[in-house]
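**Q** 3D, please:
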Amino acid sequence: MTSRTINLRPKIALYEPDIPQNTAAIIRTCSCLSAIIEIIEPCGFMLNDKRFKRVVMDYLDRTMIKFYKNFDEFLEIKKRDKERIILMTTKASKAYTKFNFNMKDTILFGRESAGVPNKIHNLADNRLKIPMSNEKRSLNLSTSVAIVLSEAMRQNGLI
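**A** Next up, the predicted model:
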C-alpha cells in the first residue's frame, strides 16, 4: 500500500482509551480494513499489557498508528490539516446513517468509562450516534467502531 493510499483511508481516533482488549480489537479491525488508528493519550494501559497483546496478536502495525500526547495536540493537527472531527456519542441526536462521511474525517470515540469531556463535545465538527433500543446504554466500543467505520468506507467507495 502506498503512502497516498494510506492517506485516503478513514481515520479512527480513540480519546484516552482505558480498556486494553477494546483498543486491541479496534486495532485489528483497522488493520483488516486498512484504516488509520489515532490514540490520544494518556492511555489507561501500556501496549505491552498481556490483555492487549492477547487480542491484538500480530495485527499491530505501528505504521498505521499515530499517538498524540493530548487532545490539544490532536486538535491542532486536525485544524492544520483541515480535517473534520466527527464525535460518536450516545448524547447526539443525529444518526451516523444520516451523515455524509468524507476522506478528511477523523471519527472520534471517547473513553469506555467516561466518554469525552463537554469541551470536546463542543469542539467536534459533528456529533453522531448509533441508534439503539431506548432501554440500552451503549454498544461495546470496538463494535461501535466497526459499525461506523464500515459505513464511512461504504460511502467513500472503499468497500
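
**Q** thinking Cys91 is in contact with Arg127, fair?
**A** If you look again at residue 91, you'll see it is Lys, not Cys. Yes. The pair Lys91 / Arg127 is scored as a contact, 7.1 Å apart, by Cβ atoms under 8 Å. In short, each C-beta sits where N, CA and C put it, glycine included.

**Q** wait, what's in contact with the residue nearest to Thr90 when sequence neighbours are not counted?
**A** With Cβ to Cβ, 6 or more residues apart in numbering as the measure, Ser138 is the residue that lies nearest to Thr90, at 5.4 Å, once sequence neighbours are left out. Counting by Cβ atoms under 8 Å, 6 or more residues apart in numbering, Ser138 touches 90, 132, 144.

**Q** And Asn134, how far from Met64?
**A** The gap separating Asn134 from Met64 is 37 Å, by Cβ to Cβ, to the nearest Å.

**Q** Give me the three-state assignment for the residue of the chain most remote from its centre.
**A** Here the chain reaches farthest from its C-alpha mean at Glu135, the gap being 24.9 Å by Cα atoms, centre = their mean. At Glu135 the chain is in coil, as set by DSSP: H, G, I helix; E, B strand; the rest coil.

**Q** what's the answer for Ile39, then?
**A** From three-state DSSP, the assignment for Ile39 is strand.

**Q** residues in contact with it?
**A** By Cβ under 8 Å, 6+ apart, the neighbours of Ile39 are 13-14, 17, 23, 65-68.

**Q** Just the buried ones among those, please.
**A** 13-14, 17, 23, 68 (16 or more other Cβ atoms under 10 Å).

**Q** where in the chain is pLDDT low?
**A** Scanning the chain with the threshold set as pLDDT under 70 gives 1-8, 44-63.

**Q** What segments of it are helices?
**A** Assigned by DSSP state H, the helices in the chain fall at 3-7, 20-32, 50-56, 71-80, 118-123, 141-155.
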